[in-house]
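Chemist: Here is a sequence together with a model predicted from it:
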There are 2 protein chains.
Amino acid sequence: MPDLTYADRPAAGEHGPADVETVCAAAQAAFDPYRSTDAQTRAAFLEAIGEEIVALGEALIDAACRESGLPRGRIEGERGRTVGQLKLFAGVLRSGDWMALRIDPALPDRAPLPRPDLRLRMVPLGPVAVFGASNFPLAFSTAGGDTAAALAAGCTVVVKQHPAHPDTGAMVAQAIRAAAARCGMPEGVFGELSGPGNDLGAALVRDPRIAAVGFTGSRGGGLALMKLAAERPVPIPVYAEMSSINPVILCPQALRARGAALGTAFVGSLTMGAGQFCTNPGLVVAIDGEGLDAFVAAAAAALPEVGAQAMLTPGIHAAYEAGTAALDAHAEVDLVAKGKVGEGVAQGRAAFFATTAQAFLADEALGHEVFGASSLLVRCRDEDELVAVLAAAEGQLTATLQMDAGDTPLAARLVPLLERKAGRILANGWPTGVEVAHAMVHGGPFPATSDGRSTSVGSLAIDRFLRPVSYQNLPAELLPDVLRDDAQGGAPVLIDGVRQ
Amino acid sequence: MPDLTYADRPAAGEHGPADVETVCAAAQAAFDPYRSTDAQTRAAFLEAIGEEIVALGEALIDAACRESGLPRGRIEGERGRTVGQLKLFAGVLRSGDWMALRIDPALPDRAPLPRPDLRLRMVPLGPVAVFGASNFPLAFSTAGGDTAAALAAGCTVVVKQHPAHPDTGAMVAQAIRAAAARCGMPEGVFGELSGPGNDLGAALVRDPRIAAVGFTGSRGGGLALMKLAAERPVPIPVYAEMSSINPVILCPQALRARGAALGTAFVGSLTMGAGQFCTNPGLVVAIDGEGLDAFVAAAAAALPEVGAQAMLTPGIHAAYEAGTAALDAHAEVDLVAKGKVGEGVAQGRAAFFATTAQAFLADEALGHEVFGASSLLVRCRDEDELVAVLAAAEGQLTATLQMDAGDTPLAARLVPLLERKAGRILANGWPTGVEVAHAMVHGGPFPATSDGRSTSVGSLAIDRFLRPVSYQNLPAELLPDVLRDDAQGGAPVLIDGVRQ
């Protein structure tokens, strides 16, 4: 590995095409040395990033609060989540499961033809472009889930910092560089670009050295990146998390038993963090009746008590205002309740609307995301209408069933449909709150994401930055260490299709 | 499951848009019942397809030979391969590995927040469109690798029959239907469309019910399908295997020790099946010297003895003639030798050309595939030029090292580069001959395929038709059977990240 020094570089305010060239060249140059490090070394690097982030102390929390408008407790929690993700992937690396090792030993005496020796492992795709998200300045940004997964996979990373939190991004980038220096990583293992506008990100995605893209943001932004990536001379995968309204289905028995309690709890989930979650419950679907009336009454009572909250950026606030104004003006939509009017800049006022299944089915715009604390109740006359509404919904990150034991037959009817619509199905919870775990899927069919075969949260996310390579009759000295005979070091391996 | 009858349906000569509608509607209707079958049932179905194909007897072999022009032994072998693939996936289904089960049990006492119960499994994508390949009328067509992988995954399948072998396709389709009837599968589990031209296939890929596409064919065809799929209102994955010239690197020591033997063996690999393999060795890269001269002399002696062979279609033959004529006419390309002139229609005459590294690097057209028994030797002055040639090559299905022990340092320098270029790296073999196995990768970076994260041969191919779904706090009676407590039936499961 080259002997490099790490200067303390302040964040550049505005990068241009020459910087894209420089940073991508460095990411490319670092790729082979970085991916050649063993899993233990990369695990230690990920943990060191977490340590350096913690070492930034209150200054990081201050910057993130100031730039995002999010409350201190939320940002502190997000820092814990960010460090936890890095540790999770360190554990994944040590387990070796991610390598998907397979060995089919040679069968020299097989007739009519001998079988060659075949060995397979996963290798990293190459340098990855990661776009920081506005709504998670730590956990989905500079050292967020995509960065952690890509670095774990052995990819080098170029982050396009989100312009809404430049200081936060610069501080975290500095922490990553410090960890890289401490762990002797090649300098180009991590690079960053910052600046407003879309041109910089577009140039990054077009760069021939970039092998994959991770993005969390708007539908328009994600679609633009998908188009850019598909039109490259060499197309590359794009993992864009874009748009989800996360239907919550209130089943009849649950409504009857606890409609009012559900209404109050719903308002809590809807308004948390000014509703600025990918998993915010933007759609509520239920069958008309007394239980639903109780739910609506409770929500209508709770919502006016909720104070307005600062939204992440003036642009996001403006889009939210436009979205809720369109619902306000819609002939087939009624307002249930709104939160308190805010004072000051970019204050998001929560809103809950209602419409009928017929109106929802007649206007697909009613199924589009309004990013923020806005939700739409779709009142159905019966089960068939409820099924029709869910069948008409686009792909989602989550689908939630509020149900009691008596609702099981309805829920059983819905689960196969929800499996086709969403990456995660919940019962008796709220979709906000995405556990960082092995069995988590934070993904889902288009347009929730650009690629429903993947997740952006949880340990399975490492797979998005890997591809398989097979080695046929390679001399042992040319094989990767982990594919040599009896050298799997505890990593699971499939030998002749049988798990060892 | 509905009580359906299976009529013996002759292959329709030419289907149109109405048929696309009918067959996709049936594939969609069958998807939920089919994917709900247990793995054992689907395994039996795959094996039954193999049995029905074998039961077609000599009539199938006759039809495939007649329509493809391929020799009987080759077609018999391909039938064995096709049945073997179906059996392989039956085994995969029974092992349960493909479900990627994960359980993170609830932690109700965790502070500050309890952890929910999270369970994950893979689910099938939906109805899959499979395009039959011209060069493998059995193993990559109607009941070929993509069909077997998709059916194993729980997807229903709509095959666009290749117009070059309509009778073969119709017979195999009938075998699949017979197996489906015998195993009580829903009728729409398999559908077919046939007819010439591109409109039918385009309509199939555009159909909103189709969730993924498998294709083996030309670069132009694959790129067209990628574009269609990306432009859909809901984009879908395309697995297109398109274009590969499969570089064979002749290392200096190997050339010195056995240059002549390598030359003779190379001609065997080049001309097998009229060179109509995705893995045909279309590029040979070596450093000038006596060993290379011996290789060239032996190839030049062997090739004129090789008879012309019928190519798959007149169109493929015409493209081959145009490709070799362009090399013949290229100012920087010399002819090494040609095979015998053929008599009769569409006879492919093998051809071996040579050029310099400088010429190869100056004209990217020299790196494009000429489908058939044509290959280009690139003479390099030294190792650095050899590395430059390989670095300039596009993505490949395979890369082959002919090497002796003394070549290890050079090979070790090349392997990291080849890992980025190819899905399979071979030593001291020939790329033709793709073992159906667990550790096989028949895939690779663009343009070898549209999606280098996947393989079209071997058991790992099932992954291309799956996506993960997470279940959070779902009551046991709503969970898929295999995710209930202690109900994994021997399938591997990751509990809290630890393989059980």
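Modeler: Structure received.
Chemist: pLDDT below threshold where in chain A?
Modeler: A:1-13 (pLDDT under 70).
Chemist: give the contact list for A:Leu56.
Modeler: A:Met171, A:Val172, A:Ala175 (CB atoms under 8 Å, 6 or more residues apart in numbering or on different chains). The C-beta positions use only the backbone N, C-alpha and C, and glycine is treated the same way.
Chemist: between those residues, which has the most around it?
Modeler: Using other CB atoms under 10 Å in any protein chain shown as the neighbour test, the contacts of A:Leu56 are led by A:Val172, with 31 neighbours.
Chemist: ok, now how distant is the nearest residue to it once chain neighbours are set aside from chain B?
Modeler: Closest residue to A:Val172 apart from its sequence neighbours, by CB to CB, 6 or more residues apart in numbering or on different chains: A:Thr142 at 4.0 Å. Using CB to the nearest CB, to the nearest Å, A:Thr142 is found at 25 Å from chain B.
Chemist: which of the residues in stretch A:192-200 are buried?
Modeler: By neighbour count on 16 or more other CB atoms under 10 Å in any protein chain shown, the buried set for stretch A:192-200 is A:Glu192, A:Leu193, A:Ser194, A:Gly195, A:Leu200.
Chemist: wait, stretch A:415-433
Modeler: A:415, A:418-432.
Chemist: and it with chain B, contact?
Modeler: Yes: using CB under 8 Å from any CB of the partner chain, stretch A:415-433 comes into contact with chain B via A:415-416, A:419-420, A:422-429, A:433.
Chemist: roughly how far is that stretch from the heart of the chain?
Modeler: How far stretch A:415-433 lies from its chain's middle: 16 Å, per CA atoms, centre = their mean, to the nearest Å.
Chemist: Then stretch A:40-59?
Modeler: That offset, for stretch A:40-59, works out to 21 Å (CA atoms, centre = their mean).
Chemist: Equivalent analysis for stretch A:126-137, please.
Modeler: Distance, centroid of stretch A:126-137 to centroid of chain: 10 Å (CA atoms, centre = their mean).
Chemist: next one: stretch A:289-304
Modeler: 32 Å.
Chemist: Using PDB, list the CA coordinates for it.
Modeler: C-alpha atoms of stretch A:289-304 as PDB (Å, rounded to 0.1, in the frame of the first residue of the first chain):
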ATOM      1  CA  GLY A 289     -67.900   2.200  10.500                       C
ATOM      2  CA  GLU A 290     -68.000   3.300  14.100                       C
ATOM      3  CA  GLY A 291     -64.500   2.100  14.700                       C
ATOM      4  CA  LEU A 292     -63.200   4.300  11.900                       C
ATOM      5  CA  ASP A 293     -65.200   7.200  13.200                       C
ATOM      6  CA  ALA A 294     -63.600   6.800  16.600                       C
ATOM      7  CA  PHE A 295     -60.100   6.700  14.900                       C
ATOM      8  CA  VAL A 296     -60.800   9.900  13.000                       C
ATOM      9  CA  ALA A 297     -62.300  11.700  16.000                       C
ATOM     10  CA  ALA A 298     -59.200  10.800  18.100                       C
ATOM     11  CA  ALA A 299     -56.800  11.900  15.300                       C
ATOM     12  CA  ALA A 300     -58.800  15.100  14.800                       C
ATOM     13  CA  ALA A 301     -58.500  15.800  18.500                       C
ATOM     14  CA  ALA A 302     -54.800  15.100  18.700                       C
ATOM     15  CA  LEU A 303     -53.500  16.700  15.600                       C
ATOM     16  CA  PRO A 304     -54.500  20.400  16.500                       C
END
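Chemist: Give me the buried positions along that stretch.
Modeler: Quick answer for stretch A:289-304 (16+ other CB under 10 Å): A:Gly291, A:Leu292, A:Ala294, A:Phe295, A:Val296, A:Ala298, A:Ala299, A:Ala300, A:Ala302, A:Leu303.
Chemist: Name the residues of the stretch 151-300 of chain A found near chain B, please.
Modeler: Going by CB under 8 Å from any CB, the residues of the stretch 151-300 of chain A near chain B are A:Met226, A:Lys227, A:Ala230, A:Val234, A:Pro235, A:Pro237.
Chemist: repeat that with 7 Å
Modeler: A:Ala230, A:Val234, A:Pro235, A:Pro237 (CB under 7 Å from any CB of the partner chain).
Chemist: What about these, which are in helices?
Modeler: A:Ala230 (DSSP state H).
Chemist: just the residues of the stretch 151-300 of chain A next to chain B now: which is nearest B:Leu283?
Modeler: Closest approach to B:Leu283 among these (CB to CB): A:Val234, at 18.3 Å.
Chemist: Number of residues surrounding the closest one?
Modeler: 14.
Chemist: For A:Pro252, give me its contacts.
Modeler: By CB atoms under 7 Å, 6 or more residues apart in numbering or on different chains, the residues touching A:Pro252 are A:Ile287, A:Gly289, A:Gly291, A:Asp407.
Chemist: distance of it from chain B?
Modeler: 16 Å.
Chemist: cool, A:Asp199 as well?
Modeler: Taking CB to the nearest CB, one finds A:Asp199 at 22 Å from chain B.
Chemist: Equivalent analysis for A:Thr398, please.
Modeler: Taken as CB to the nearest CB, the span from A:Thr398 to chain B is 8 Å.
Chemist: for A:Gln396, same thing?
Modeler: 12 Å.
Chemist: What are the phi and psi values at that residue?
Modeler: phi -130, psi 160 (degrees, to the nearest 10).
Chemist: what's the answer for A:Trp430, then?
Modeler: Torsion angles, degrees, to the nearest 10, at A:Trp430: phi -130, psi 150.
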